[in-house]
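Engineer: Next comes the sequence, and after it the predicted model I'd like to discuss.
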Amino acid sequence: MASKAVLILGAFSPPERKEVLDAVKRKLREEGYAPILFDVDGPDSQDATTTVTTLARLSRFVVIDLTDPRSSPYEIASFAREVPTVIRPLVWDEYREFGMFADLQRNYEWVLDTFRYEGLEHLVASFNEEVVRPAEAMVKVLRARLQP
């Protein structure tokens, strides 16, 4: 958990979705993190699920935009149960999380409540307060449990 890497997951199309992911990447970089924006077209040596799980294990926390998700529900379900890495979900206010996401939030404390943003400007303006701080707070909780 000492890593400064933060995994970013979400839809890369249409262009508005990629714009949000790029903004998250920029904001994380401004905050001193090493953002990893994962595109499903990853390395040929591993399948995407294995790659996402590996990156989640190496990350301080994960930011996932669940707005109009494509593979995100599968990606998050593939590692949330096994990898106690903080997950900070986001969703544009006009959308809802996928149906079973509430189960992950209920069963795993490291899957945080969803931050609902009203648009790109709102997300950028509130990023530190609504995304980074809650994620870091849970990182501290999990880290405290690991120390004797």
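Structural biologist: Arrived safely, thanks for sending.

Engineer: what about the helices in the protein?
Structural biologist: 15-30, 48-58, 72-80, 101-107, 120-125, 127, 133-146 (DSSP state H).

Engineer: and the last one, what other elements does it pack with?
Structural biologist: If I follow you right, that is helix 133-146. On a contact count with 3 or more CB pairs under 8 Å, 6 or more residues apart in numbering; DSSP states H and E, helix 133-146 meets strand 61-65, strand 86-92. From N, CA and C alone the C-beta is placed, and that goes for glycine too.

Engineer: The helices of the chain: which one's closest to Asp65?
Structural biologist: Relative to Asp65, the nearest member of the helices of the chain by CB to CB is helix 15-30, separated by 5.7 Å.

Engineer: any idea which of the helices of the chain is most buried?
Structural biologist: Highest mean neighbour count among the helices of the chain (mean count of other CB atoms under 10 Å): helix 127, with a mean of 22.

Engineer: Can you name the residues bridging to the spatially most central residue of the chain?
Structural biologist: Per CA atoms, centre = their mean, the C-alpha nearest to the average position across the chain is that of Val63, at 1.8 Å. In this structure, Val63 has beta-bridge partners Ile8, Arg88, where bridges are defined by DSSP bridges.

Engineer: surely it meets Val131?
Structural biologist: Yes: with contact defined as CB atoms under 8 Å, Val63 reaches Val131; the gap is 6.3 Å.

Engineer: Touching both of these two, which residues are there?
Structural biologist: With contacts taken as CB atoms under 8 Å, 6 or more residues apart in numbering, the residues that reach both Val63 and Val131 are 24, 88, 90.

Engineer: Rebuild those residues as JSON lines, extending it with distance to Val6 and pLDDT.
Structural biologist: Below are the shared contacts of Val63 and Val131 laid out as JSON lines (distance: CB to CB, whole Å; pLDDT from 0 to 100):
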{"residue": "Val24", "distance to Val6": "9", "pLDDT": "96"}
{"residue": "Arg88", "distance to Val6": "9", "pLDDT": "95"}
{"residue": "Leu90", "distance to Val6": "13", "pLDDT": "92"}
